[in-house]
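[1] sequence first, predicted coordinates after that:
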Amino acid sequence: MINTVKKNISPITEELCSYKVTLINSDIVKSVPLDPANADYQEIQEWVAEGNKIEEAD
Amino acid sequence: MTKAAELAKMGEVMTNSQIGGRRNIVINGAMQVAQRGTSSTGIGASAGYFTCDRWNINTGGSAGRLTMTQTADGPIGFANCIKLDCTTADTSIAAAENLILQQSFEGQDLQAIGKGVTGAKEVTLSFYVKANAAFNFVAEWQDNDNARFVSKLFATTTDWVRHEITFPADVDDGSSPFDDDNANSAALNFWLHAGTTFTGGTLGTTWHETAANRAAGISSFYSSTDNNFFITGVQLEVGSQATPFEHRSFGEELGLCQRYYQLFGSGTNKPISNASAYNANQVSGVISLPTPMRATPTIDETSGSNYFRYVSNATNFHVNDLDLDISTNERVIWYKGTSGLTGGSAGWMQTANASSYFALTSEL
């Protein structure tokens, strides 16, 4: 289950390139592409639709 | 079977075009490939892929827990199976609870079925199963594009038994073919535990759209910690006849699995990719994937203090994890911020802790 989602900014393009996802009670992290066909990207959209917020990049 | 019956069956198989070419729609049906590992404990709180590739544990709401293993057991001709072992029982079954062993499929791989139109074909499921006792579970063919289902009960014994189940063609009204794309169009489900949301009706052995008819009449895998469930040799094919299991080489099966998941390193000192310093504070690398993936993949990794190291000019630069940069389903660029690099220097990225792993996933 998603704990936090934060934006990743590409050092190459200096634009949003992926999302960093941490999970509840887990040391597993995911770096998720901006691809609507990606299941993790779809899960983030559902998570946001539930009222959760994506954090800005550091 | 008499000779006449054998010839009649062969004729039917030939009529249904079940001879020649690849027959088995299921990937890793013999449970050969387990990139994520051969054992995972405490499963049940959330869905996911844990051991054998392509086999998802879909679960919700239950306090029951299980251990999933790729186990060296099987009927003649099969070296491996999936074993599910109940480690925490749940005999108070809430309405929405479920436990499903599942494999999902891209719509573009199902077009031969011709679903939803006149002339749509039956599909036949076959599999070997055993358990610690007699249970009734449900095998279900699920159309995700149109939210339609068809189910059949099967029984377990303490010995391996091969079941053959033919799901009827879904001619429907001509409006519900599978989408011809890389999205999740269908799933093969083995229901092992469910509440009244899914069991409150009458089992739907013809195509239907009623949740309560999806798993009516099943036993509960979570009824006792004595319970275990073994399955292998899973085959789903177009037509009305169950043909012998289509054995594929390990390499061929691994290649099919890598469309959805690719493990690059698990444990200490496993190479990830060549790398170079983009500048003094960023290191990055490009991975050319051995198999194009279904979609642009997610980096799936552990994160911890110094779990990865960039090695360059006989110096180690440690980082906790890697991030995904611009990528496609064939090439992945990763990057990570650190310090003290010499821009333009070359080296490689590798794992640096026994708990490190780095994988790419584009599961359905």
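    Yep, it's here.
[2] any weak-confidence spans in the stretch 101-250 of chain B?
    For the stretch 101-250 of chain B, applying pLDDT under 70 flags no range at all.
[3] for chain A, what are the nearby residues on chain B?
    B:46, B:182-184, B:278-279, B:282, B:284, B:294-304, B:321-327, B:333-335, B:337, B:355, B:361-364 (Cβ under 8 Å from any Cβ of the partner chain). From N, CA and C alone the C-beta is placed, and that goes for glycine too.
[4] drop anything exposed from these.
    Neighbour-count burial (16 or more other Cβ atoms under 10 Å in any protein chain shown) applied to these gives B:182-184, B:278, B:282, B:284, B:294-303, B:321-327, B:333-335, B:361-364.
[5] any idea which element the residue sitting nearest the centre point of chain A lies in?
    Chain A has residue A:19 as the residue nearest its centroid, 3.0 Å off, counting by Cα atoms, centre = their mean. Take DSSP states H and E as the rule and residue A:19 turns out to sit in strand A:16-23.
[6] quick one: the residue in chain A sticking out farthest from the centre from chain B, how far?
    Distance to the chain centre peaks in chain A at residue A:12, reaching 18.8 Å (criterion: Cα atoms, centre = their mean). With the distance defined as Cβ to the nearest Cβ, to the nearest Å, residue A:12 ends up 6 Å from chain B.
[7] count the residues that sit near the residue nearest to residue B:159 when sequence neighbours are not counted.
    Excluding the flanking residues, the one nearest residue B:159 by Cβ to Cβ, 6 or more residues apart in numbering or on different chains is residue B:130, at 5.9 Å. By the measure other Cβ atoms under 10 Å in any protein chain shown, the count of residues near residue B:130 is 20.
[8] give the next helix or strand downstream of the host helix or strand of residue B:130.
    Assessed by DSSP H and E, residue B:130 sits inside strand B:123-131. Scanning forward in sequence from strand B:123-131 by DSSP H and E, the next helix or strand is strand B:136-143.
[9] ok now that following strand, how far from the chain's centre?
    Centre-to-centre, strand B:136-143 and its host chain are 15 Å apart (Cα atoms, centre = their mean, to the nearest Å).
[10] which other helices and strands does it contact?
    Helices and strands touching strand B:136-143, by 3 or more Cβ pairs under 8 Å, 6 or more residues apart in numbering or on different chains; DSSP states H and E, are strand B:123-131, strand B:148-155, strand B:161-167, strand B:184-194.
[11] got the contact list for the helix or strand just after the longest one?
    Stepping forward along the backbone from strand B:184-194, the first helix or strand reached (DSSP H and E) is helix B:196-199. Contacts of helix B:196-199 from elsewhere in the structure, counted by Cβ atoms under 8 Å, 6 or more residues apart in numbering or on different chains, are B:93, B:95-96, B:98, B:191, B:211-212, B:214-218.
[12] tell me the secondary structure at the residue nearest to residue B:160 when sequence neighbours are not counted.
    With Cβ to Cβ, 6+ apart as the criterion, residue B:160 has its nearest non-adjacent residue at 4.1 Å, and that residue is residue B:75. Classification of residue B:75 using DSSP: H, G, I helix; E, B strand; the rest coil returns coil.
[13] now for residue B:75: which residues touch it?
    Neighbours of residue B:75 in contact, by Cβ under 8 Å, 6+ apart: B:128, B:160, B:162, B:232-233.
[14] so which residues on chain A come close to chain B?
    Residues of chain A lying close to chain B by Cβ under 8 Å from any Cβ are A:1, A:8, A:10-13, A:17-18, A:20, A:22, A:27-33, A:35, A:37-40.
[15] go again with 6 Å.
    Where chain A comes near chain B, counting by Cβ under 6 Å from any Cβ of the partner chain, the residues are A:1, A:8, A:10-11, A:17-18, A:27-33, A:35, A:37-40.
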